[in-house]
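Engineer: This is the structure alone, sequence omitted:
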């Protein structure tokens, strides 16, 4: 049986998972695929720490990634270094040497995808990246191949396990963001510097990859509007619950006429929706095609084994491409749709949740609804609870409105002495 | 650009959907894939009825399927005739002529998969069948390629839209099975002869396909235990709801040690589970792999457009195989796992919901729990409501027990004069 000889750069958590998966299930994979995956070389700066894996004698361990990249015996390079500097060099060098690349590196693709895919098109090699979005969920393959007959209408994803874990715990334990974040850091579910996750950057990386896959060009990060979850309060989670919603950090990619929206922000989604039931560290991606309608893909969005599952699937795909001389079998990034523009955030239309702390006195509701009405914003529901305080929270759900109109109304409200705290706004996604 | 010339046999609902999808999105598909799909010939006994599609002049319409099968200009045969007789002849003839086949025909594969795949292996052609399970959901591709690195631990599917629609309406409208079935027939969601759907046969066809895909040999229908939903009562749905469960018709495929379970039956699943939220005509498949953990795939399980989406994806896959000479790229049905046996239903262990109509008199609970205890069945919970009748329903949830033990206990209960109606039993799946 033919083999595909794998060179792994980066022997960290995911690298060890990939090696273990191939060692453990290699026979099964070979029988299924007619192609045997073989771990040939592993490169890492640290090759002495015990990863708890007993490597066969014929696996080469090296600290010199370039020897791996230049080794004619290596068929596929698996880049698991992370980051956007040296990882980029490794990927471009592999492609220059005619070696296909499998990567889990969303940051690298989000920032340098155009350059990397151009290099791949210019060589006879492929770049596969299933593990970069949704961990072990085969959503890239589903979009690239399984839904190839569809114009993609909408993608809504819960793509960051750390944020979803924090929001789930806040809701279930009635805890504040900072307390849950600290607990998550202690439990290893959040980094010491959590900014990448909680500020939405990681989700935005994945959003731009999905958008590019759907619409056929590498958008990069510039067009993506990004907000994280630091300002989501327990109070808003509880109001949302009472109104039949949950708050999730979403990546939203939508085709509106000939244009595309790309945004990452917290949003209220119906508790009864499927995405509303995606809790803890799990990820899910809703993909709507013009032919298939709505589909959803769910699973572990990160972690050693789940990510390894996606990497190994890619390795076998590029391995089969080598076996059959079918490189560029699926040229994912030919620009295939002429989208005239990215919709500026100011022009995005959505529904809104507003929480206003207002003076408990007659005429305030009339005042607020007047401000909204002047901005062309129509109210869907208002909740105001009795209290003995001098000011009360007023919860307003709006009908669909333009972001620029909403911002104008907020500016006006900030000037009102009846509104005693800065207004809180969270968008609503009803998930058609 | 290369083309893939498609011959469609069967111009019914799905056939028309496939033709429409290719006509509408052909340019997009070509740009994405580097291969242009072309509807070349359509064969159907009826070529005069208007399908509401304006066919280009160069599409051949014929009543003679064999001319299509023998036409050297046809690259791929799409079999959408249905049934297991003439469809089988068409498929085998296409393969004998070296033409790859795309089919949505689950009955054909369930009954004749072994023969058909042997014919494909013996020719230089492929059989692709994404549309046979889960409609437009790319779950076959996910299992065959996306999870190739995984030993499949468990599959739990809601695979029949008609049954799920009926069960959903029964629950929401507090209606009886027969009333909802009649309404579903009127609305076109159920066939005049509903047996195929409501007796679980269609689900079993899909279950055996998924089991074969997971475990690498064509099992056929014999090993699948099949029960339908005719005996699911509104009463049981309501008791299940109160206990935190929904009743769904499930396909369950599990690896237990070296053996495989395959069964189709109604089951209580937790209302809070993701599968518990799959309602109406939608399908979903839970697939758990040893590496990736649990994943789920959701979408429309039937219908013109969704099925067309899956067929078109397969057409492009076999078309790319032709373009690159990579037929048998993924030889899905090499036996790749040595499973020693199918678990006989008597040895299956699961939890049970029991509804017993018992005399309202002292000692009955002791009697019933004695019978269960003697059969090694341990009780998890008992609910018995007050009533003014002479007999009362007693709802028992058991811990895990063997089917043969449960049947022994039921036999004993049927002899008791204190149990005044035949006991009702529904299995429980807790969905890990």
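Structural biologist: Yep, it's here. No experiment lies behind these values; they were computed from the predicted model shown.
Engineer: interface residues of the stretch 1-150 of chain A facing chain B?
Structural biologist: A:17, A:21-22, A:25, A:28-29, A:31-34, A:130, A:136-138, A:141-142, A:145-150 (C-beta under 8 Å from any C-beta of the partner chain). In this view, the C-beta of every residue, glycine as well, is placed from N, C-alpha and C.
Engineer: Using neighbour counts, trim these to the buried set.
Structural biologist: Burial by neighbour count, judged by 16 or more other C-beta atoms under 10 Å in any protein chain shown, picks out A:17, A:21-22, A:25, A:28-29, A:31-33, A:130, A:136-138, A:141-142, A:145-150 from those.
Engineer: which residues pair with residue A:39 across the strands?
Structural biologist: Per DSSP bridges, the residues bridged to residue A:39 are residue A:6.
Engineer: Burial check on it, number of neighbours?
Structural biologist: 24 (other C-beta atoms under 10 Å in any protein chain shown).
Engineer: Local confidence estimate at it?
Structural biologist: For residue A:39, the model assigns a pLDDT of 98.
Engineer: got it, and the one 3 residues further on?
Structural biologist: At residue A:42, the pLDDT value in this model is 98.
Engineer: Isn't it up against residue A:15?
Structural biologist: Yes - Residue A:42 lies in contact with residue A:15 (C-beta atoms under 8 Å); the separation is 7.0 Å.
Engineer: Now the common contact residues for those two.
Structural biologist: residue A:8 (C-beta atoms under 8 Å, 6 or more residues apart in numbering or on different chains).
Engineer: And residue A:167, how far from chain B?
Structural biologist: Per C-beta to the nearest C-beta, to the nearest Å, residue A:167 is found 17 Å from chain B.
Engineer: likewise residue A:421?
Structural biologist: 35 Å.
Engineer: now that residue, nearest residue through space, not along the chain?
Structural biologist: Once flanking residues are discounted, residue A:421 sits nearest to residue A:357: 3.9 Å by C-beta to C-beta, 6 or more residues apart in numbering or on different chains.
Engineer: what does residue A:7 give?
Structural biologist: Per C-beta to C-beta, 6+ apart, closest to residue A:7 is residue A:74, 3.9 Å.
Engineer: May I have the phi/psi pair for the one you found?
Structural biologist: Here is the backbone geometry of residue A:74 (degrees, to the nearest 10): phi -90, psi 120.
Engineer: residue contacts, it?
Structural biologist: By C-beta under 8 Å, 6+ apart, the neighbours of residue A:74 are A:5, A:6, A:7, A:40, A:41, A:68, A:99.
Engineer: Please, a ChimeraX command that selects the buried ones among those residues?
Structural biologist: To isolate the buried members of those in ChimeraX, using 16+ other C-beta under 10 Å:
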select /A:5,6,7,40,41,68,99
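Engineer: right, and out of the contacts of residue A:74, which lies closest to chain B?
Structural biologist: Of all the contacts of residue A:74, residue A:6 has the smallest distance to chain B: 12.0 Å, by C-beta to the nearest C-beta.
Engineer: Contacts only, for that closest one.
Structural biologist: A:18, A:22, A:37, A:38, A:39, A:40, A:41, A:74, A:75, A:76, A:78, A:315.
Engineer: please redo it, this time with the cut-off set to 10 Å
Structural biologist: A:18-19, A:22, A:37-42, A:59, A:74-78, A:102, A:311-312, A:315, A:318-319 (C-beta atoms under 10 Å, 6 or more residues apart in numbering or on different chains).
Engineer: Now, those residues that are in helices?
Structural biologist: A:18, A:19, A:22, A:311, A:312, A:315, A:318, A:319 (DSSP state H).
Engineer: could you measure the fifth one against residue B:210, distance?
Structural biologist: Right, residue A:312. Between residue A:312 and residue B:210 the computed distance is 21 Å (C-beta to C-beta, to the nearest Å).
Engineer: And for the third one?
Structural biologist: Between residue A:22 and residue B:210 the distance, using C-beta to C-beta, works out to 25 Å.
Engineer: would you list every one of the helices in chain A?
Structural biologist: A:13-33, A:65-69, A:86-96, A:106-122, A:139-141, A:161-173, A:177-187, A:195-198, A:201-215, A:234-242, A:304-324, A:364-374, A:403-414.
Engineer: what about the closest residue to residue A:36 other than its chain neighbours, how many residues close to it?
Structural biologist: Of all residues not flanking residue A:36 in the chain, residue A:30 sits nearest, at 4.0 Å (C-beta to C-beta, 6+ apart). Around residue A:30 there are 20 other residues, counting by other C-beta under 10 Å.
Engineer: Surely residue A:30 and residue A:1 touch.
Structural biologist: Yes - using C-beta atoms under 10 Å, residue A:30 makes contact with residue A:1 at a distance of 6.0 Å.
Engineer: got any residues that touch both of the two?
Structural biologist: Common neighbours of residue A:30 and residue A:1, counting by C-beta under 10 Å, 6+ apart, are residue A:36.
Engineer: related to what we said a few turns ago, please tell me how far the residue nearest to residue A:36 sits from residue B:42.
Structural biologist: As judged by C-beta to C-beta, residue A:30 and residue B:42 stand 41 Å apart.
Engineer: And for residue A:93?
Structural biologist: 50 Å.
Engineer: How about residue A:98?
Structural biologist: To residue B:42, residue A:98 is 43 Å away according to C-beta to C-beta.
Engineer: Looking at those two, which is more packed in?
Structural biologist: Higher neighbour count among residue A:98 and residue B:42: residue B:42, with 26 against 11, using other C-beta under 10 Å.
Engineer: Could you verify my assumption that that one touches residue B:56?
Structural biologist: No - with contact defined as C-beta under 10 Å, residue B:42 does not count as touching residue B:56 (11.5 Å).
Engineer: Next up, the contacts around the closest residue to residue A:80 other than its chain neighbours.
Structural biologist: Excluding the flanking residues, the one nearest residue A:80 by C-beta to C-beta, 6+ apart is residue A:10, at 3.4 Å. Shown in contact with residue A:10 (C-beta under 10 Å, 6+ apart): A:16, A:18, A:42-45, A:65, A:78-82, A:87, A:90, A:103-105.
Engineer: Residue A:414 and residue B:358, how far apart?
Structural biologist: Distance, residue A:414 to residue B:358, using C-beta to C-beta: 67 Å.
Engineer: Residue A:179 now?
Structural biologist: Distance from residue A:179 to residue B:358, by C-beta to C-beta: 51 Å.
Engineer: And for residue A:325?
Structural biologist: Taking C-beta to C-beta, one finds residue A:325 at 71 Å from residue B:358.
Engineer: Compare neighbour counts for those two and give me the winner.
Structural biologist: Between residue A:325 and residue B:358, residue B:358 has the larger neighbour count (other C-beta under 10 Å), namely 21 against 11.
Engineer: I'd like to know how far residue A:233 sits from chain B.
Structural biologist: For residue A:233, the distance to chain B equals 25 Å [C-beta to the nearest C-beta].
Engineer: hang on, that residue packs against residue A:355?
Structural biologist: Yes - using C-beta under 10 Å, residue A:233 makes contact with residue A:355 at a distance of 8.7 Å.
Engineer: who touches the closest residue to residue A:112 other than its chain neighbours in this structure?
Structural biologist: Using C-beta to C-beta, 6+ apart and skipping residues adjacent in sequence, the residue nearest residue A:112 is residue A:88, 5.5 Å away. Under the criterion of C-beta under 10 Å, 6+ apart, the neighbours of residue A:88 are A:79, A:81, A:105, A:107, A:108, A:111, A:112, A:115, A:116.
Engineer: From chain B, how far out is residue A:88?
Structural biologist: 26 Å.
Engineer: Read off the pLDDT value for that residue.
Structural biologist: For residue A:88, the pLDDT comes out at 98.
Engineer: Next: the one 5 residues further on.
Structural biologist: Turning to residue A:93, the model gives it a pLDDT of 98.
Engineer: cool, and the one 3 residues further on?
Structural biologist: What the model reports for residue A:96 is a pLDDT of 97.
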